[in-house]
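Peer 1: Fold the following for me, if possible:
(2 chains)
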Amino acid sequence: MNQTPVLEITGLSGGYSLNKPVLHDIALQVQPGEMIGLIGLNGAGKSTIMKHILGLMSPQKGDITVLGKTRNEDPKGYHSALSFVPESPLLYEEMTVREHIEFTARAYGVDRNDYETRSRHLSELFNMDDKMDTLSSHLSKGMKQKVMIMCAFIARPSLYVIDEPFLGLDPLGIRSLLDFMLELKKSGASILLSSHILSTIENYCDRFIVLHHGKVIAEGTLAEIAAASGQPGLSLEQLFYELVQGGK
Amino acid sequence: MDLKELRRQRRGRFMGSMLPYMGYIIQSGVAMMFLFVLIIFSAWYTSLLRDVPAGIPIRWIMLALLGPAAVHSGFRTYLQSPDTVFLLPQGHRMREYFAPAWVSGNVWKILRLLFVLITLWPLYIRTDASPKQLLVTALLLIGVKLLSSYGLWREIAMLSRPASMAYALLRWAVGGLMVAAWLWQPSGRGLIFIILLAAAYLAALTIPGRHSVPWERLIAVERNQGGRALMVLGWFVDVPGREQRVYARRYLAKWGSRILWLPDTAYRYLLTKSFARGDIFGIIMRVTVLGLLLSWWNHGSYLGIGIYLFFLFILGVQLSALRKLHSESFWLTVYPLPEGSKGRNTTQFVFRAHLILAVLIALPFLASVGERPLLVVGTFVAGILLAFLFKGYLSRKEAQLDDDDI
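Peer 2: Next up is the predicted model:
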């Protein structure tokens, strides 16, 4: 039986200018419980795809559905079904770490008891126990990124959209994040993750989508991409290099 | 690199960004209201001068108004975060860049100080038993102003933040003492005291270690100054969301935690936190205290009602500025907040706060409830009515925004 994809993008073209689209006819699906690695060079279109998913940009062509619904059909349901970790932390300077997490929990309608339990777990996991009552403006960049991650994970939506989450994180933070993403995946959540640290995500993602100049040039499991490019046995990093160099 | 020219260009760009709003300011009802209030104030002040009541604590009034005008200082450097990279190599030449900032900051603030002095002077010479000479007073106040500006500059450059804060307190104490000494003491004795105090203050300023160019502090100060300029502009027209200055205010940390745990009130939670730690809260508190004092002073007259409504109006304008907070917030686009909840929560929050303030500032009128019950009831009703008028204004603005979105 076919499951409804958590995220489905069909024929997406879009960008900042009508004459010069950044994305060309993108199609991708994320199934329940899948972790997808979105990889590409700087400017390939990864963040632009994410902005379209979040509704920050409108497609020039094509459709985006989350749990089978577009943003226009059901804005609240659409946004409730996804959670986002941006590449650069975006925090309210006047709020503490705890207040950011509480605001997110309130916005997503998380039950108060669940919020308490999850918040405690996340603060322990990311070593932020002693920073919970600190104003965000007094945090280091890595800590700010941890707050973004904790906010995204306090809710339990069907889809997590995560843009370059490892930037600024310490090695322990990276390990905690990866372990937690696996835990979420096991519980049935889907994750669309973009990263340049290919060696790290190679062993965690189920499938990869390789973007180049705003087009999908390869997708599938590591073995499928390797087989399609005729170079079995290569690591993700080596494959990526071959794919984008070949596409020049 | 011509650093003077760079600052001039940046200043020009900032002024240019303000210019498009000027027309709206002139057209706005708030500007008309301010003009109206100014006319009323002029008429009241003229009548006060014609018939000055006995026992006015004029020296305290002079100290309360001239002290802050003389001590409060500020500079617009127009520095930006990338300057820590691109202007860093010019660190040894930054004096050229900062000199015009210091000069123009002082010129404008000296003009403000002289305006306050000249406005107060007719009342002062009519009420003080032994008034000082205007010219000498003006020169002395300008001296205090320049000393305070220099003190502020040194505070910003200090390596230690606690030392900087302590020196800010010292600056206010020294400035206040100087103005007080001039007002209360005979001229000769007062001058000797002021000169000795200034010398001691200048000597104290040399002690703490300091940065040659305090880049990060200057950038933070500039951000606050720019934010404040936009806030003042926001009283008249809609300007894009500005960054507000943040104060820790630990005593208000729990405020907001009892708000209903629902997505519909999530924005109220954010707004409460932003209000509790933002600069609007400080302004509201200061205006409220001043309003309470003046209402108490005039609680037995019709003038008191005018003062009460004027302060309530100012508070309404300030509270309405909360509407512009988070107007460009990324998370409000991404989070699943119910449609229209931002506008609803803001209007409700502003209305409740305004209503509480309306009752609070009207409390001094209860002192005359025995003699003039109608006046007291009328004051309360007028205050509550004004709060409802502001609520209607905010609701209309939100409805307009919703229409624009469609």
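
Peer 1: Just the strands from chain A, written as ranges.
Peer 2: All strands of chain A, identified by DSSP state E, fall at A:7-14, A:23-30, A:35-40, A:61-66, A:82-85, A:159-163, A:190-194, A:207-212, A:215-220.

Peer 1: Who are the contact partners of residue B:303?
Peer 2: Residue B:303 is in contact with residue B:44, counting by C-beta atoms under 8 Å, 6 or more residues apart in numbering or on different chains. C-betas here are computed from N, CA, C, even on glycine.

Peer 1: Not counting sequence-adjacent ones, nearest residue to residue B:145?
Peer 2: residue B:70 (5.1 Å; C-beta to C-beta, 6 or more residues apart in numbering or on different chains).

Peer 1: For residue B:154, see how far away that neighbour is.
Peer 2: For residue B:70, the distance to residue B:154 equals 17 Å [C-beta to C-beta, to the nearest Å].

Peer 1: next one: residue B:132
Peer 2: From residue B:132 over to residue B:154 the distance is 29 Å, taken as C-beta to C-beta.

Peer 1: The residue nearest to residue B:145: what secondary structure?
Peer 2: Following DSSP: H, G, I helix; E, B strand; the rest coil, we place residue B:70 in the helix state.

Peer 1: I'd guessed it sits against residue B:141; true?
Peer 2: Yes: using C-beta atoms under 8 Å, residue B:70 makes contact with residue B:141 at a distance of 5.1 Å.

Peer 1: quick one, what contacts residue 87?
Peer 2: Went with chain A since none was named. For residue A:87, the contact set (C-beta under 8 Å, 6+ apart) comprises A:47, A:163-164, A:167.

Peer 1: Can you look at chain B instead?
Peer 2: Shown in contact with residue B:87 (C-beta under 8 Å, 6+ apart): B:79, B:94, B:97.

Peer 1: okay, which residue is most central for chain A?
Peer 2: Centroid-nearest residue in chain A: residue A:162, 2.0 Å away (criterion: C-alpha atoms, centre = their mean).

Peer 1: Could you list which residues are in contact with that residue?
Peer 2: A:84-85, A:152, A:181, A:191-194.

Peer 1: if we look at chain B, which of these are close to it?
Peer 2: residue A:84 (C-beta under 8 Å from any C-beta of the partner chain).

Peer 1: Buried ones among the contacts of residue A:162?
Peer 2: Among these, those classed as buried by 16 or more other C-beta atoms under 10 Å in any protein chain shown are A:84-85, A:152, A:181, A:191-194.

Peer 1: Can you give me the buried ones in the helix or strand harbouring residue B:111?
Peer 2: Element membership of residue B:111, judged by DSSP states H and E, is helix B:94-127. Within helix B:94-127, the residues that count as buried by 16+ other C-beta under 10 Å are B:94, B:97-98, B:100-102, B:105-106, B:109-110, B:113, B:116-117, B:120, B:123-124, B:127.

Peer 1: Run a quick neighbour tally on residue B:190.
Peer 2: For residue B:190, the tally of surrounding residues (other C-beta atoms under 10 Å in any protein chain shown) stands at 19.

Peer 1: that older thread, please identify which of the contacts of residue B:87 is nearest to residue A:40.
Peer 2: residue B:79 (36.1 Å; C-beta to C-beta).

Peer 1: wait, residue B:351 sits on residue B:391?
Peer 2: Yes: with contacts counted by C-beta under 8 Å, residue B:351 reaches residue B:391, the gap being 4.3 Å.

Peer 1: Quick check: which ranges of chain B have low pLDDT?
Peer 2: B:28-30, B:238-243, B:401-406 (pLDDT under 70).

Peer 1: what's the closest non-adjacent residue to the residue nearest the centre of it?
Peer 2: Taking C-alpha atoms, centre = their mean, the centroid of chain B lies closest to residue B:283, which sits 5.9 Å from it. Of all residues not flanking residue B:283 in the chain, residue B:318 sits nearest, at 5.5 Å (C-beta to C-beta, 6+ apart).

Peer 1: for the host helix or strand of that neighbour, the distance to its chain's centre please.
Peer 2: Residue B:318 belongs to helix B:302-320 when assigned by DSSP H and E. Taking C-alpha atoms, centre = their mean, to the nearest Å, one finds the center of helix B:302-320 at 16 Å from the center of the full chain.

Peer 1: Enumerate the positions of that helix that are buried.
Peer 2: For helix B:302-320, burial by neighbour count (16+ other C-beta under 10 Å) applies to B:304-305, B:307-320.

Peer 1: swap in stretch B:369-377?
Peer 2: Using 16+ other C-beta under 10 Å as the burial criterion, the residues of stretch B:369-377 that qualify are B:372, B:375-376.

Peer 1: can you count the residues close to residue B:341?
Peer 2: Neighbourhood size, residue B:341 [other C-beta under 10 Å]: 18.

Peer 1: oh sorry, the question was meant for residue A:117
Peer 2: 11.

Peer 1: Same check on residue B:328?
Peer 2: The burial count assigned to residue B:328 is 10, neighbours taken as other C-beta under 10 Å.

Peer 1: how about the lowest-mean-pLDDT helix or strand in chain A: buried residues?
Peer 2: Every helix and strand in chain A was compared by mean pLDDT, DSSP states H and E; the lowest is helix A:236-246, with a mean of 88. In terms of neighbour count (16+ other C-beta under 10 Å), helix A:236-246 has its buried residues at A:236, A:239-240, A:242-244.

Peer 1: Distance from that helix to the middle of the chain?
Peer 2: Distance, centroid of helix A:236-246 to centroid of chain: 22 Å (C-alpha atoms, centre = their mean).

Peer 1: Repeat that for stretch B:5-22.
Peer 2: Here stretch B:5-22 is found 22 Å from its chain centre; the criterion is C-alpha atoms, centre = their mean.
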